[in-house]
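*Asks:* this is the structure alone, sequence omitted:
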């Protein structure tokens, strides 16, 4: 049975100053970030990468990215504190591997550098993630994940 994990870095967000917010956690997506999240969602849908669940950091920019993905991909969103970018990369990896025992297709929205490191831990390659970028991992063999790079990263 095929198992896939899609890792997404949240899309571009406004600065605290631009958004008039007092906390990094409250930074919303910028208009270009909203557009990039929609583009990412459409690309994933076109590639038939439809998750059963979208797991997201509770930070606003990630949660907003996840909601845009959810609208296009028709998948439920669940906030997970471990994806907030403040947890050890190996713990995040282990959490995501655990999710794959419950779901066949998981999409996770998180932050850099965590998303880059988790991708490297699983896929064996350091791939830079710009805001809104994603990678796909074929997790059918959990001991030997296969990194599937989107066209823009090849």
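*Replies:* That came through, no problem. Quantities reported herein were computed from a predicted structural model and do not represent experimental measurements.

*Asks:* elements contacting the lowest-mean-pLDDT helix or strand in the chain?
*Replies:* The helix or strand of the chain with the poorest confidence is strand 146-148; it has a mean of 91 (mean pLDDT, DSSP states H and E). Where contact means 3 or more C-beta pairs under 8 Å, 6 or more residues apart in numbering; DSSP states H and E, strand 146-148 is packed against helix 114-123, strand 134-138. No exception for glycine: its C-beta is placed from N, CA and C like everyone else's.

*Asks:* which parts of it are buried?
*Replies:* Burial within strand 146-148, assessed by neighbour count using 16 or more other C-beta atoms under 10 Å, is assigned to residue 147.

*Asks:* the most far-flung residue of the chain relative to its centre and residue 50, how far apart?
*Replies:* Distance to the chain centre peaks in the chain at residue 20, reaching 25.7 Å (criterion: C-alpha atoms, centre = their mean). Taking C-beta to C-beta, to the nearest Å as the measure, residue 20 falls 36 Å from residue 50.

*Asks:* could you check how far the longest helix anywhere in the chain is from the centre of its chain?
*Replies:* Secondary structure of the chain per DSSP state H: the longest helix is helix 31-46. In terms of C-alpha atoms, centre = their mean, to the nearest Å, the centre of helix 31-46 is set 12 Å apart from its chain centre.
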